[in-house]
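Asks: Quick one, what's the 3D model for this:
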Amino acid sequence: IHDPYKELYDKELNVFQLVHGKYQPYDMDINCYMPELTLGLVMWEGLFENASAPFIRWCDREGSILRTGAEGIAEEAKRADEEAKRADEEAKRADEAVEEAKAEAEAKLAEAKRADEEAKRADEEAKRADEAEAKVQALLKRLADMGLTPLD
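Replies: So this is what the prediction gives:
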């Protein structure tokens, strides 16, 4: 019996049990814990089913309020939403890391292509220099064969 103004009893919450055909006050601890039910009753004030007021709620041995089905569903939905948000953020970070790695790989590839082109140009210049040197040596030999010496 909930007696919020204590008009009938000394306590706000009063529990009775049927003993030999008569209702007798139930001998309760602070949380109205009933070991035969493995449950207790406790006064709780807060928002419940869109109403803010004092309520009688089921509790465990320690006095912790037991969730209703709707409360459990709401908490699970909230937890699932938070988990989905964390997963989305993690996926976004992973996508950013992939894009960053891709950009880095493209930059390294471009650098490797530039280095390859430079190496080809250097090889071509070295080949041209070798050809020019061979022509100079051939010219010097022809001049020497003619008995001419180039001016120093």
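
Asks: ok, residues contacting stretch 26-46?
Replies: Counting by C-beta atoms under 8 Å, 6 or more residues apart in numbering, the neighbours of stretch 26-46 from elsewhere in the structure are 12-13, 15-17, 52-63, 65-66. In short, each C-beta sits where N, CA and C put it, glycine included.

Asks: what helix or strand does the spatially most central residue of the chain sit in?
Replies: Taking C-alpha atoms, centre = their mean, the centroid of the chain lies closest to Arg86, which sits 3.9 Å from it. Secondary structure from DSSP states H and E places Arg86 in helix 69-145.

Asks: Can you tell me which of the contacts of stretch 26-46 are buried?
Replies: Of all those considered here, the ones buried according to neighbour count by 16 or more other C-beta atoms under 10 Å are 13, 15, 55, 57, 59.

Asks: Give me the phi and psi angles of Arg67.
Replies: Arg67 has phi and psi values of phi -70, psi 150 when expressed as degrees, to the nearest 10.

Asks: wait, isn't it in contact with Glu75?
Replies: Yes. Contact status for Arg67 versus Glu75: in contact at 6.8 Å, counting by C-beta atoms under 8 Å.

Asks: which one of those two has more residues nearby?
Replies: Counted by other C-beta atoms under 10 Å, Arg67 and Glu75 do not tie: Arg67 has more neighbours, with 14 against 11.

Asks: what about Tyr9, which SS state?
Replies: Classification of Tyr9 using DSSP: H, G, I helix; E, B strand; the rest coil returns coil.
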